[in-house]
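S.K.: heads up, no residue letters with this:
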């Protein structure tokens, strides 16, 4: 495909697969050059392949970088590499996340800390690094991936719920800090989306969950990506500090 005039540069963390990859593809479809992130060198080859495919399909520049977002220095280096390689940074999508589910009686501190380190500290680290770039530009969009679990809680996910509720707190506070620099900060709260995480559920569990969802089915990664694409667009320029659910009516 021939190259198009770029709409800017977007960095999507945790974008080697699933929701993150769908977000990177949607932003590329909208004309953004994209930087895809994976957590380690082990998955970099696959992520680089995804970036190359995106570049060919949508005619944009695409770059892949391995970085553990829970490491502040690594997160800053990732943002610096995105800027150096693609020229600027207009959109940050904080999607990287993990789960370590279990009832609290059996949850060890290491499982709690691991989830908070990636999901919450990782979001903070990336926001901090990207905000410095965007503040100098006096423009930007930060889109943080929370969860319906961060809004309503869920048994067996104390660590995940705490991390995703914290992401909402970061979003609302940072929106107030950065609004004067024309930087918007919003959160997306997906419900049950068909990804590798939900693929681990048994058929009985899937049917029970689907019965609680208003639309009666799991969502797709593209449903979340569509909202992310909108929040990165000019039409969303007056939206900031919001938490928007993509859950098929689960939390109504």
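M.R.: It's in. Here the structure is a predicted model, which means the values were calculated and not measured.
S.K.: Which stretches in the stretch 1-150 of the chain count as helices?
M.R.: Here the stretch 1-150 of the chain has its helices, by DSSP state H, counting those that start in this stretch, at 18-29, 44-58, 72-86, 109-116, 122-137, 148-152.
S.K.: Nearest to residue 215 among those helices would be which one?
M.R.: helix 148-152 (13.4 Å; C-beta to C-beta). The way it works is simple: take the backbone N, C-alpha and C, and place the C-beta from them, glycine included.
S.K.: Quick one, which of the helices of the stretch 1-150 of the chain gets closest to residue 220.
M.R.: helix 18-29 (7.9 Å).
S.K.: which of the helices of the stretch 1-150 of the chain is buried the deepest?
M.R.: With neighbours defined as mean count of other C-beta atoms under 10 Å, those peak in mean count at helix 18-29, which reaches a mean of 26.
S.K.: thinking again about what came up before, include mean pLDDT when you put the helices of the stretch 1-150 of the chain into a markdown table, please.
M.R.: Below are the helices of the stretch 1-150 of the chain laid out as a markdown table (pLDDT from 0 to 100):
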| stretch | mean pLDDT |
| --- | --- |
| helix 18-29 | 98 |
| helix 44-58 | 98 |
| helix 72-86 | 98 |
| helix 109-116 | 98 |
| helix 122-137 | 98 |
| helix 148-152 | 96 |
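S.K.: Lowest mean pLDDT among the helices and strands, pick that one out for the chain.
M.R.: In the chain, no helix or strand scores lower on mean pLDDT, DSSP states H and E than helix 196-199, which sits at a mean of 77.
S.K.: What lies in contact with that helix?
M.R.: By C-beta atoms under 8 Å, 6 or more residues apart in numbering, the residues outside helix 196-199 that reach it are 17, 18, 99, 192, 206, 218.
S.K.: what helix or strand does the closest residue to residue 116 other than its chain neighbours sit in?
M.R.: Spatially, and ignoring its direct neighbours in sequence, residue 116 is nearest to residue 163 (5.0 Å; C-beta to C-beta, 6 or more residues apart in numbering). In this structure, residue 163 is located in helix 158-178 according to DSSP states H and E.
S.K.: go on, residue 188?
M.R.: strand 183-190.
S.K.: Give the pairing partners of that strand; include direction for each.
M.R.: Using DSSP bridges, strand 183-190 pairs in its sheet with strand 140-145 (parallel), strand 243-246 (parallel).
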